[in-house]
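[1] okay, here's the prediction I keep looking at, along with the sequence it came from:
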Amino acid sequence: MENNSITAATPEELRSGELGRKLRHYNYGFDGEYPEQQYIRLNARDGNGRLLGGVRSFVFLYWLNIETLFVEADVRGSGLGSHLLAEAERQAIALGATNAVAGTWCAASPETNRPTPDVRIGINSHGSYGYKGRPV
């Protein structure tokens, strides 16, 4: 161990995906093959092209992982966030997701965290809403 070093991964190393491939191939021996991570990145714009909000998420191991959901203050309450989540869920289900988890930096409204009946959701945040996901 004394000749080894730990450094930050370079952008080239991150783009190559080598570490993830190594882990995936190792895990195949235990779990069998599973799909690679698939990104779902959605934007909502108004008629003038103004960015109103969006979702940054991915599907991995049959889970929709919602990393970011944002809606501009002047259109909050209009249902835009719910529409963004619904489209992310629709695409995730098409990719094989059966569960979802949302990670947040702040206390997002529990009202927007209502998945469709065919997706189970958990909330991973700096606070907890006690949301009970519906079984698939």
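    Nice, thanks for sending it over.
[2] all contacts plus neighbour counts: C-alpha atoms, from now on.
    OK.
[3] can you show me the helices along this structure?
    Counting by DSSP state H, the chain has helices at residues 11-16, 18-31, 80-94.
[4] using PDB, write out every CA atom in the first one.
    Output of helix 11-16 as PDB, limited to C-alpha atoms (Å, rounded to 0.1, in the frame of the first residue of the first chain):
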ATOM      1  CA  PRO A  11     -12.000  14.500 -16.700                       C
ATOM      2  CA  GLU A  12     -10.700  12.000 -19.200                       C
ATOM      3  CA  GLU A  13     -10.900   9.200 -16.700                       C
ATOM      4  CA  LEU A  14     -14.500  10.200 -15.800                       C
ATOM      5  CA  ARG A  15     -15.500  10.300 -19.500                       C
ATOM      6  CA  SER A  16     -13.900   6.900 -20.100                       C
END
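[5] start at 629 instead
    Let's use 629 as the start, then, which means that last one is helix 639-644.
[6] can I get the helices of the chain in CSV including mean neighbour count?
    Formatted as CSV, the helices of the chain follow (neighbours: other Cα atoms under 10 Å):
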stretch, mean neighbour count
helix 639-644, 10
helix 646-659, 11
helix 708-722, 19
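[7] which of those helices sits closest to residue 667?
    Nearest of the helices of the chain to residue 667, taken as Cα to Cα: helix 708-722 at 9.0 Å.
[8] list the helices and strands the closest one packs on?
    When contacts are defined as 3 or more Cα pairs under 8 Å, 6 or more residues apart in numbering; DSSP states H and E, helix 708-722 packs onto strand 666-673, strand 679-688, strand 691-699.
[9] 6 Å instead, please
    Here helix 708-722 touches no other helix or strand, going by 3 or more Cα pairs under 6 Å, 6 or more residues apart in numbering; DSSP states H and E.
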